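A.B. asks: Sequence first, predicted coordinates after that:
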Amino acid sequence: MTGGAGFSRSAKQSFDENQKLGKFREKQNAYSSAKRGNAVPKDLDDLIAHRYRRRDWYLRTRKIVLISFIIAAILFLGYLFVLG
C-alpha cells in the first residue's frame with residue numbers, strides 16, 4: 001500500500017485545519033442580515049416573495065398529487081368492478 005500512512009495523516013491534518021477555520025468563520029445564510037437588524041427592505045421583500053412562491057408551489061403540488069391519487073383509485077375500482 002503506497003502512501004497509506006501519509007495519506008491518512010495528511011487527511012487528518014486537513015480535517016483538523018478545516019474544523020478550526022469553521023469556528024472562526026461567520027455562518028452565512030439568508031436570514032443573517034435580518035437577525036443583525038441591518039437588513040435591506042428589498043432583500044426582505046425578496047425573501048417573503050420567495051416563501052410565498054414556495055408555499056404556493058407546495059399547495060399546487062399537493063393538490064395535483066391528491067387529484068391524481070383519487071383518479072387512479074377510481075380507475076382501479078372501476079377496473080375491478082368491470083372485470084369482477
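C.D. replies: It's in. Note that the structure is a prediction, hence the values are computed from the model and not measured. Numbering: from 1, shown residues only.
A.B. asks: helices and strands of the protein: which one has the lowest mean pLDDT?
C.D. replies: In the chain, the helix or strand scored least confidently by mean pLDDT, DSSP states H and E is helix 32-36, which has a mean of 56.
A.B. asks: Next SSE downstream of that one?
C.D. replies: helix 41-83 (DSSP states H and E).
A.B. asks: and that following helix, what's its mean pLDDT?
C.D. replies: The pLDDT scores in helix 41-83 average 92.
A.B. asks: Tell me which other helices or strands that helix touches.
C.D. replies: Packing partners of helix 41-83 (3 or more C-beta pairs under 8 Å, 6 or more residues apart in numbering; DSSP states H and E): helix 32-36. The C-beta positions use only the backbone N, C-alpha and C, and glycine is treated the same way.
A.B. asks: again, 7 Å this time
C.D. replies: Helices and strands touching helix 41-83, as assessed by 3 or more C-beta pairs under 7 Å, 6 or more residues apart in numbering; DSSP states H and E, are absent.
A.B. asks: So for residue 22, what's the pLDDT?
C.D. replies: Per the predicted model, pLDDT is 66 at residue 22.
A.B. asks: tally of neighbours for residue 53?
C.D. replies: Other residues lying near residue 53 total 10 when counted by other C-beta atoms under 10 Å.
A.B. asks: which residues touch it?
C.D. replies: If a contact means C-beta atoms under 7 Å, 6 or more residues apart in numbering, then residue 53 has no contacts.
A.B. asks: Burial check on residue 65, number of neighbours?
C.D. replies: 10.
A.B. asks: any idea how far it lies from residue 73?
C.D. replies: 13 Å (C-beta to C-beta, to the nearest Å).
A.B. asks: With residue 81 instead?
C.D. replies: Residue 81 sits at a distance of 12 Å from residue 73 (criterion: C-beta to C-beta).
A.B. asks: Helix or strand: which one has residue 15?
C.D. replies: helix 4-24.
A.B. asks: I'd like to know how many residues surround residue 16.
C.D. replies: 10.
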